[in-house]
Structures are given as structure tokens and as C-alpha cells.
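Undergrad: I would like to see how this sequence folds:
(one chain, ligands or ions: 1)
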Amino acid sequence: MKTGVVTDKRFMDHDMGAYHVESPHRIEVLNRMLEEDPPIPYLPIEPRPATDEEVGWVHEKGYIDLVRSTAGKTVPLDMDATAGPKTFATALLAAGGFLKSLDLVMDGTVRNAFAIVRPPGHHAEASQALGFCFFNNVAIGAEHLVRNHGLRRVLVVDWDLHHGNGTEHAFYARRDVMYFSTHQVPLYPGTGAARDFGAGDGLGFNLNVPLLAGKGDADYLHLFEKILGPVAAQFEPEFILVSAGFDIAAGDPLGGMAVTPAGFGLLTASLMAMAERTAAGRLALVLEGGYDLRALRDSVREVLKTLAGGGSPVSAGLPASEALRVELEDPLRTFRRKWDIPAA
Ligand SMILES: [Zn+2]
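TA: Numbers count the residues shown, from 1 in each chain. Below you'll find the predicted structure:
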């Protein structure tokens, strides 16, 4: 079974201006890589627009109508989110494309999937565009799996440089969708403290790992293998979704992390192994950030190779940094209120 890739040149239609880092060039370099030198034989998935009903699972009607009203115009909705003439249509296509990829994983047409879309989504709130994001693709995807596929436990892993405030808020009081985020602090949007552990029914199902700059492959792999791994083994997700941000790559202009293309492959392999254990391998990624075009291209390439090759043994070769161990004390204290996480 092949890996599915959502790809379409229309994801270049959303444009926030020549000097904006979240630019159509991000899609251009990835599409060119897929066309000229594809790393794997993949099944191309043509996106469809999400419906109002689907977007409405996460966003308020008034907000959807507000974004719709920007069609054909240029309207700043937030300091970091300007809607252009085609932004509404492109954002619907991003969310709908991701939903289509989930359907194809669920019905076994593809083994796993990567939605290479813009605009990104994880900062978008129920009624607010924020941080280059308009509709929350990953949150809409999780809702789709719960509502239309009857899944009872979905894990959202957010390795983007930034905290996914919108995704956290969407599921903060729920236990059917677990949110696990690693993110650099201090940094935009300022949310994502370890003590924010969920509420009510969802207490213990929102896991934040704030990190100081400078973390590399071994650190991230340690987080995935030694913290997320045990938690996932107990939560037993039926599907793993990934907010795949490549702004933790070495060289990213917005970030201070140092993950290499090989490191992204290792993180992907780690999540594939988790998905094999309880989710029949069901794993789907959706593009979030990543602003160094070369690092973005090389890292996505490595992720795709891993998705297609699969199950490779996970080893970073290097121990996690001492700095990471100190920073983990606080999150681990919180997480252990609910989950059994052995000392590493
Ligand atoms: Zn980001």
C-alpha cells in the first residue's frame, strides 16, 4: 500500500505579500520536488473544499462567514493573518484535502498520508484567524475521525516550533482527542505551559512540553520515545494526526531548534511505530510551519521516504542533552499525575 500525498498548485493561491515568510514558495518547492524528483512512489490526492458543516465543527458560523466575505479582497483579519482574494477558497481546500486523506487512510486505499497544504491551521481559534492560520486543519480532521468514522481516541501530535493554541482550545475539556505539543518558549503565541493539562473530562489529555531553543534530533526523539511513547501506549489512539511544522529545522529563520532532515525521519518512524501498536498504522500529517525553503524541502522528503519505507528501527545515536532533562522536570511532574512514565 502506498503513501498518499495531498498536493495541488492551488495551495499557492493564498498570498500574504512578497516579503511574508508564509509564502507560496513553500508549496512551490515541495511540489517541484514531488514532480521532478519524487522520493517515493506515492498516490497523489486531489483536494476538495471542506464544507461549511465540516469547518463548523471547529469554527463559529459568524467567523466562517467573515472569512468568506474576504473572497476577492485583501482584508487583514489579524496582525499575522491577512486574507487575500483567494484565501478563503484555499483554506477550504487545505482542510478538505486533509479530510480526504483521512478517508483514504481509513478505507485502506493508502497506508498513511501527508497533506502538503497552505494556509497552516493550528493557531486558528474558533472565531479568530491568528499566526498565519485561518481554519484549523488538524482540529477539523480530528473531529472528522470522531464524528464520521466513529473513532473514540485520536492523538494529535504537534511538533511545530509554535504551540498550537487553537488545537489545544478545541479539545481542552475532552478525552477523545489527546493533544501533545512540543514548542519553543518564550515565543509566539505565548500559550502552552506544562501546567495546562486539560480540564474536566479532558484533564490529563492535553500535554505541553515547552522547550528552550537549541534542541536537536536526539532531544526530540527522547521526547517522543520516552514521554509520548508511554503515554500513547496507555491512551491507545486509534489514529495519530500530526501538525507537522518544519520550523524546528536547523536554519529556520523563525526558530532556534536544530532538527535535521534525518531527525524528521526518525520522529516519523517513532510515530509510525506508535500507530502500529494501537492504530493499525493509521497516521496522517498536515503541513504547518517551516520557513527555510531548503530545510523544508529536504525534511519533507525524508518524512515521505520514512512513511513509504516504514517501521525502521528508531535510534538517534546520541543521548538527549542535559538541558533537556532539566526542562522536563516540570512537565513530567504534571504528566505523571495521570500517566505512568518510567524514568528514562
Ligand atoms: Zn510554527
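
Undergrad: got the residues of this protein near the ion?
TA: 160-162, 245, 247, 289 (Cβ under 5 Å from the ion). No exception for glycine: its C-beta is placed from N, CA and C like everyone else's.

Undergrad: run the chain-centre distance for the host helix or strand of S101.
TA: Secondary structure assigned from DSSP states H and E places S101 in helix 87-106. Centroid separation for helix 87-106 versus its chain: 14 Å, with Cα atoms, centre = their mean, to the nearest Å.

Undergrad: who does that helix touch, helix- and strand-wise?
TA: strand 3-6, strand 42-45, helix 52-55, helix 61-68, strand 112-115, helix 137-148, strand 239-244, strand 283-287 (3 or more Cβ pairs under 8 Å, 6 or more residues apart in numbering; DSSP states H and E).

Undergrad: can you redo those as CSV with mean pLDDT?
TA: Formatted as CSV, the helices and strands packed on helix 87-106 follow (pLDDT from 0 to 100):
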stretch, mean pLDDT
strand 3-6, 98
strand 42-45, 98
helix 52-55, 98
helix 61-68, 98
strand 112-115, 98
helix 137-148, 99
strand 239-244, 99
strand 283-287, 99
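
Undergrad: by neighbour count, which of the residues of the chain next to the ion wins?
TA: Neighbour counts for those (other Cβ atoms under 10 Å) peak at H162, which has 30 neighbours.

Undergrad: and the gap between it and E236?
TA: 28 Å (Cβ to Cβ, to the nearest Å).

Undergrad: now Q128
TA: Q128 sits at a distance of 33 Å from E236 (criterion: Cβ to Cβ).

Undergrad: who's more crowded, the two?
TA: Between Q128 and E236, counting by other Cβ under 10 Å, Q128 is the more crowded of the two (18 against 12).

Undergrad: phi first, then psi, for that one.
TA: phi -150, psi 130 (degrees, to the nearest 10).

Undergrad: just grab the bridge partners of it for me.
TA: Q128 forms beta bridges with E125, as assigned by DSSP bridges.

Undergrad: who are the contact partners of it?
TA: For Q128, the contact set (Cβ atoms under 8 Å, 6 or more residues apart in numbering) comprises 63, 77-78.

Undergrad: I'd like these as TSV, with neighbour count appended.
TA: As requested, the contacts of Q128 are exported to TSV (neighbours: other Cβ atoms under 10 Å):
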residue	neighbour count
Y63	21
L77	17
D78	17
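
Undergrad: just these now: which is nearest the ion?
TA: The closest of these to the ion turns out to be D78 (Cβ to the ion; 15.1 Å).

Undergrad: from I227, how far off is that closest one?
TA: Applying Cβ to Cβ to D78 and I227 gives a distance of 32 Å.

Undergrad: any chance you could map the helices in the chain?
TA: For the chain, the helices defined by DSSP state H occupy 25-36, 52-55, 61-68, 87-106, 137-148, 165-171, 217-222, 229-235, 261-278, 293-309, 322-335.

Undergrad: I figured Q184 was touching G190, is that so?
TA: No: between Q184 and G190 there is no contact under Cβ atoms under 8 Å: 11.5 Å.

Undergrad: of these two, who's got more company?
TA: Using other Cβ under 10 Å as the criterion, Q184 and G190 rank with Q184 on top: 23 against 11.

Undergrad: which intervals of the stretch 201-344 of the chain have sub-threshold pLDDT?
TA: Along the stretch 201-344 of the chain, the parts satisfying pLDDT under 70 run over 310-317.

Undergrad: pick out the residue of it closest to the ion.
TA: Closest approach between the stretch 201-344 of the chain and the ion, counting by Cβ to the ion: G289, at 2.9 Å.

Undergrad: report the contact partners of A320.
TA: Residues near A320 by Cβ under 8 Å, 6+ apart: 218-219, 221-222.

Undergrad: count of residues packed around the nearest residue to it once chain neighbours are set aside?
TA: Excluding the flanking residues, the one nearest A320 by Cβ to Cβ, 6 or more residues apart in numbering is H222, at 3.6 Å. Number of residues near H222 (other Cβ under 10 Å) recorded here: 20.

Undergrad: residues in contact with H222?
TA: 316, 319-320, 324, 344.

Undergrad: likewise G192?
TA: Contacts of G192 (Cβ under 8 Å, 6+ apart): 163, 165, 168, 181, 183, 185, 208, 210.

Undergrad: for those residues, pick the one with the most neighbours.
TA: The most crowded member of these, judged by other Cβ under 10 Å, is H163 (28 neighbours).

Undergrad: so that residue is in contact with A194, correct?
TA: No: judged on Cβ under 8 Å, H163 makes no contact with A194 at a distance of 11.2 Å.

Undergrad: before we move on, back to that, export the residues of the chain next to the ion as TSV, with columns for distance to L332.
TA: Output for the residues of the chain next to the ion, formatted as TSV (distance: Cβ to Cβ, whole Å):
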residue	distance to L332
D160	22
L161	22
H162	22
G245	23
D247	25
G289	26
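
Undergrad: fine, thanks again, bye for now.
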